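Enquirer: could you look at this predicted model? Sequence included:
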Amino acid sequence: MSISIRHASVHAVLSALALAVLFPAALSPAAAQDATVTAIPAPAEPGAIPLGTGPVKGATAPESWFRQYGVPMARNVSTATLTPVLPAPGKANGTAVIVAPGGAFLLLSMENEGWRVARALADRGITAFVLKYRLRPTPPALADFDRQLRAAFANVGRAETRSSPDEAVAGLPEQIADAVAAITLVRARSAEWGIDPKRVGMMGFSAGAMTTMVTTLARPDLGLAFIAPIYGSMERVTVPANAPPLFGVIASDDPLFAKKGFGLLDAWQEAGKPVEFHLYERGGHGFGLGKDGTTSTGWLDAFVAWLDMHGLLKPS
């Protein structure tokens, strides 16, 4: 997402967020070199719950999956789902996180930024839910899709470009609706899953970070307990009066969002809202749980410690 929304459609701007796929910083060198887009069968998604938010307007191609850089990804998602990833019996602490993978609203990096993250959270007693939100339609043929991605990447990452969550709200009604439905569902079934309905937060990566931010901006009435945009836009926003605590992460060599200032953090601080931020020297974009050989691998432990500081890891 790197072309100003003032000079292009919201969807064209958001397409640039697919650059994460071209910077698979968390993957092994061999996998990172494998940019081949290969069709794969849809993997099993045990426990996935349809959110009932409806199809995507204008979508004709069915949901399909492919492998790139060694990990499975989904595209043409027109049925939003939420997959619970639960802690071991007796380990849950009552806090829940909705996890939104990234992929420019053209695809979802379900493994690197979804399932792996959810399992790591569940290992720490946090009940996680992977949100497979609806996406922009892409061509049915994989070769045409590959060309679409390359076209979207052509002008991304320029230092002078900007991307504003405030402006993006109007262009992401489906993603906001999916996030709202996910939060509503988790609270409705909180007793079943051992969750405190007042301790539900949201985390997102790249485009998922944008989904997290626009949901927070558009629906402050949801009363999220916290938000965690991970390598997302750092642009200034209009902070809601009841904005939740914010935990942010980015690498200083991120080709999309680094070196553009920290307006988001300034806005949160100026509004008097809690904010913690981690700027890692290296990691690039799309590093998921962290790029091996860099300190970015410490962000999840820092996030968990932050939740603990806020009293969110004590059994509710």
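Expert: Good, I have the coordinates. Numbers count the residues shown, from 1 in each chain.
Enquirer: all contacts plus neighbour counts: C-alpha atoms, from now on.
Expert: Fine.
Enquirer: residue ranges in this protein under the pLDDT threshold?
Expert: Residue ranges of the chain with pLDDT under 70: 1-34, 153-163.
Enquirer: quick one, helices of it?
Expert: With DSSP state H as the criterion, the chain has helices at 10-15, 19-22, 29-33, 116-123, 142-153, 165-168, 173-188, 190-193, 207-218, 263-270, 299-309.
Enquirer: for stretch 227-234, which residues meet the burial criterion?
Expert: Of all the residues in stretch 227-234, those buried under the rule 16 or more other CA atoms under 10 Å are 227-234.
Enquirer: of those, closest to Ala42?
Expert: Ile230 (26.4 Å; CA to CA).
Enquirer: my read: that closest one touches Ala251, true?
Expert: No: here Ile230 lies out of contact with Ala251, judged by CA atoms under 8 Å, at a distance of 9.7 Å.
Enquirer: where do the contact lists of the two overlap?
Expert: Residues touching both Ile230 and Ala251 (CA atoms under 8 Å, 6 or more residues apart in numbering): none.
Enquirer: returning to what we had before: so can I have CSV of the helices of the chain showing mean neighbour count?
Expert: Putting the helices of the chain into CSV (neighbours: other CA atoms under 10 Å) gives the following:
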stretch, mean neighbour count
helix 10-15, 21
helix 19-22, 23
helix 29-33, 13
helix 116-123, 21
helix 142-153, 16
helix 165-168, 19
helix 173-188, 20
helix 190-193, 14
helix 207-218, 26
helix 263-270, 17
helix 299-309, 16
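Enquirer: next, give phi and psi for Asp253.
Expert: When read as degrees, to the nearest 10, the backbone of Asp253 gives phi -100, psi 20.
Enquirer: out of the buried residues of stretch 227-234, name the ones that lie in strands.
Expert: Of the buried residues of stretch 227-234, the ones assigned to strands by DSSP state E are 227-230.
Enquirer: where's the residue lying farthest from the centre of the chain relative to Ile126, distance?
Expert: For the chain, the residue at maximal distance from the C-alpha centroid (CA atoms, centre = their mean) is Gly90, at 28.1 Å. According to CA to CA, to the nearest Å, Gly90 stands 12 Å off from Ile126.
Enquirer: hmm, back to that, distance to Gly102 added to the buried residues of stretch 227-234, as a markdown table?
Expert: Formatted as a markdown table, the buried residues of stretch 227-234 follow (distance: CA to CA, whole Å):
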| residue | distance to Gly102 |
| --- | --- |
| Ile227 | 15 |
| Ala228 | 13 |
| Pro229 | 11 |
| Ile230 | 10 |
| Tyr231 | 10 |
| Gly232 | 9 |
| Ser233 | 12 |
| Met234 | 16 |
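Enquirer: from those residues, which is closest to Pro240?
Expert: Pro240 lies nearest to Ile227 out of the buried residues of stretch 227-234, by CA to CA, at 13.0 Å.
Enquirer: hmm, Gly261 is touching Ile250, no?
Expert: No: contact status for Gly261 versus Ile250: not in contact, 11.7 Å apart, counting by CA under 8 Å.
Enquirer: so the two - more neighbours on which side?
Expert: Ile250 (28 against 12; other CA atoms under 10 Å).
Enquirer: quick one: contacts for the more buried one?
Expert: 230-232, 257-258, 278-280.
Enquirer: switch the cut-off to 10 Å
Expert: 206, 229-234, 257-258, 277-287, 296, 299 (CA atoms under 10 Å, 6 or more residues apart in numbering).
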